[in-house]
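Undergrad: from the sequence below, what's the structure:
(one chain, ligands or ions: 2)
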Amino acid sequence: MSTERRKRRVFVKTYGCQMNVYDSDRMAEALAPHGYERAEAAADADLVILNTCHIREKATEKVYSDLGRLRDLRSERLAQGGGDMLLAVAGCTAQAEGEAMLDRAPYIDLVVGPQSYHRLPELLARRQREGKSQLDTEFPLISKFDELVRHVEAAPPSAFLSIQEGCDKFCTFCVVPYTRGAEESRPAAAVLAEARMLVQAGARELVLLGQNVNAYHGEAPEGGEWTLARLIRAMAEIPDLARIRYTTSHPRDMDADLIRAHGEIPALMPFLHLPVQSGSDKVLKAMNRGYTADDFRRIVDALRAARPDIALSSDFITGFPGETDEDFAATMRLVEDVGFAQAYSFKYSGRPGTPATGMRGQLKDAVKSERLAVLQALLEEQSTAFNRATVGRKTDVLLERPGRHEGQLIGRSPWLQAVHVSAVDLKVGDMATVEITACHPHSLAGVLALASSRSAAA
Ligand code: 5AD
Ligand code: SF4
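TA: Ligands and ions are numbered 1, 2, ... in the order given. Here you go, the predicted model:
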């Protein structure tokens, strides 16, 4: 371990998914023993890490434009006699592009893939010693999960906990199996230890993360394997842990026990993000999703039978190669049938190295955009209706951060809605019972009905 004493500052910019948010914290934590504190802005940092996303072309292009801006910032600083700033690129673009990234932007000091974060301090030391850019996009035998044993003093009220990574499903449009590698589950004992640590440090809600989180099959404490349902049952026993969520799931792995768990475990929140991508069986097949639209409808019915108030969220892609008007109409029908509380929808973006880029029937951008607009109008209508329906209801809100106004706190309902509450006597980390009084485009407003006195520090 380095014995560097001088305080340095690291700024981590996160792109993309929640897995990256979690990884960014872990990178900062891995650098802390080497003298790095977290900076609030790139301008204040000695080291800037871009934790990148490669899922769509737009995300990747954003990384390159940000890199250009950082290079200028560094030059300005050096010209004014300030200290140097190291530029590191981590995450999925780093993994996918590797060497090519250094060719395109040779001023990058470090390119490090998502499996190698525990090697960051060593890579930085080598960069300084050798004075040249470093690249590490291996899939090492020793997992980063084993290396990065975690301890934090203070956790947010809602904390991420990564339990599974990678993907073996190879949907034909997706880069994740190539950037994050094969599916790997963390041993249950390690997950539970981290969960207890986070709750001790103030978390009241844990969000279990994985690219395919419901495919979780981690080593069990007593030998054998645990499923996600089994893990959640054990986690629900942790005192003071009020809420459990998990994301992102695949419909294929929504097994009967997990569906049952939604009806049996009060701490498991009644909200599920379950990407369907399309409502056309032909498109689903071409995407290699492994289910039909009716399979998805049946899963939703079973979930609602187990937990009638469960709300659903999903991901959609419009304009996948070969998608006809009829296929798109089938997607619209599925949305009408299911009813989503929230959704993310994207135009299909051809990604290098994925099978779908070579498929016949690539669609014009205008067609993708038009379908996206039509779909988003319906999804927006559904989410507004869902939010409106909560007005007048009383619900628990976990207060997560201060609002913009004096005495105002912002939290989340069980259905992941942002709720603004005036709560002078309460603080971040408290669970409050709130009566929802109004519905705004992206949030709800509420008044305190009754407050729990248990705080994050309890
Ligand atoms: N083009 C468009 N959307 C994509 N997604 C993944 N790959 C692509 C792509 N090539 C979307 C899927 C996935 C979400 C995380 O991103 O909907 O569920
Ligand atoms: Fe990508 Fe499909 Fe794996 Fe999800 S399940 S990460 S969409 S390959």
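
Undergrad: the worst-scoring helix or strand of the chain on mean pLDDT: what's the following helix or strand?
TA: Across the helices and strands of the chain, mean pLDDT, DSSP states H and E gives its lowest value to helix 144-147, namely a mean of 64. Of the helices and strands lying after helix 144-147 in sequence (DSSP states H and E), the nearest is strand 158-162.

Undergrad: who touches that following strand?
TA: 18-19, 21-23, 25, 145, 186, 191, 194-195, 198, 203-210, 243, 398, 400, 412 (C-beta atoms under 8 Å, 6 or more residues apart in numbering). C-beta here means a position set from N, CA and C on the backbone, and glycine is covered the same way.

Undergrad: filter those residues to the buried ones?
TA: 19, 21-23, 25, 145, 186, 191, 194-195, 198, 203-210, 243, 398, 400, 412 (16 or more other C-beta atoms under 10 Å).

Undergrad: among the residues you listed, which are located in strands?
TA: 205, 206, 207, 208, 209, 243, 398, 400, 412 (DSSP state E).

Undergrad: surely residue 399 and residue 432 touch.
TA: Yes: Residue 399 is within contact range of residue 432, at 6.0 Å (criterion: C-beta atoms under 8 Å).

Undergrad: neighbour count winner among those two?
TA: Taking other C-beta atoms under 10 Å, residue 399 and residue 432 do not tie; residue 399 has more neighbours (26 against 23).

Undergrad: which residues does that one bridge with?
TA: Counting by DSSP bridges, residue 399 forms beta bridges with residue 411.

Undergrad: for it, what are its contacts?
TA: Per C-beta under 8 Å, 6+ apart, neighbours of residue 399: 157, 409-411, 421, 423, 426-432.

Undergrad: among the residues you listed, which ones are buried?
TA: Of the contacts of residue 399, these count as buried by 16+ other C-beta under 10 Å: 157, 409, 410, 411, 421, 423, 426, 428, 429, 430, 431, 432.

Undergrad: need these in TSV with secondary structure, can you?
TA: As requested, the buried ones among the contacts of residue 399 are arranged in TSV below (DSSP: H, G, I helix; E, B strand; the rest coil):
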residue	secondary structure
157	coil
409	strand
410	strand
411	strand
421	strand
423	coil
426	coil
428	coil
429	coil
430	coil
431	strand
432	strand
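
Undergrad: return the item of these having minimum pLDDT.
TA: Lowest pLDDT of the buried ones among the contacts of residue 399: residue 423, 79.

Undergrad: mind checking the pLDDT average for the helix or strand harbouring residue 232?
TA: Residue 232 is part of helix 228-235 when elements are defined by DSSP H and E. This predicted structure assigns helix 228-235 an average pLDDT of 98.

Undergrad: my guess is residue 181 meets residue 115, correct?
TA: Yes: under the criterion of C-beta under 8 Å, residue 181 makes contact with residue 115 at 6.2 Å.

Undergrad: overlap in contacts, the two.
TA: residue 139.

Undergrad: neighbour-wise, which of these two wins?
TA: With neighbours defined as other C-beta under 10 Å, residue 181 and residue 115 compare such that residue 115 has more, 23 against 18.

Undergrad: in what helix or strand does the closest residue to residue 441 other than its chain neighbours lie?
TA: Leaving aside its chain neighbours, residue 441 sits nearest to residue 384 (7.7 Å; criterion: C-beta to C-beta, 6 or more residues apart in numbering). In the assignment (DSSP H and E), residue 384 maps to helix 365-388.

Undergrad: what about the closest residue to ligand 1 within the chain, neighbour count?
TA: Nearest residue of the chain to ligand 1 (C-beta to the nearest ligand atom) works out as residue 315 at 3.3 Å. By the criterion of other C-beta under 10 Å, residue 315 has 14 neighbours.

Undergrad: can you verify it is assigned to a helix?
TA: No: counting by three-state DSSP, residue 315 is not found in a helix; it is strand.

Undergrad: quick one: residues contacting it.
TA: 273, 275, 276, 277, 343, 344, 345, 346.

Undergrad: for the ones in strands among the buried ones among the contacts of strand 158-162, which one is nearest residue 37?
TA: residue 400 (23.6 Å; C-beta to C-beta).

Undergrad: any idea how far residue 126 is from the residue of the chain closest to ligand 1?
TA: 39 Å (C-beta to C-beta, to the nearest Å).

Undergrad: same question for residue 246.
TA: As judged by C-beta to C-beta, residue 246 and residue 126 stand 37 Å apart.

Undergrad: can I get the helix holding residue 232 as PDB, trimmed to CA atoms?
TA: Provided in PDB are the C-alpha atoms of helix 228-235 (Å, rounded to 0.1, in the frame of the first residue of the first chain):
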ATOM      1  CA  LEU A 228     -32.300 -13.600  -4.800                       C
ATOM      2  CA  ALA A 229     -35.500 -14.500  -3.000                       C
ATOM      3  CA  ARG A 230     -33.500 -16.400  -0.400                       C
ATOM      4  CA  LEU A 231     -31.100 -13.500   0.000                       C
ATOM      5  CA  ILE A 232     -33.800 -11.000   0.400                       C
ATOM      6  CA  ARG A 233     -35.500 -13.100   3.100                       C
ATOM      7  CA  ALA A 234     -32.300 -13.200   5.100                       C
ATOM      8  CA  MET A 235     -31.700  -9.500   4.500                       C
END
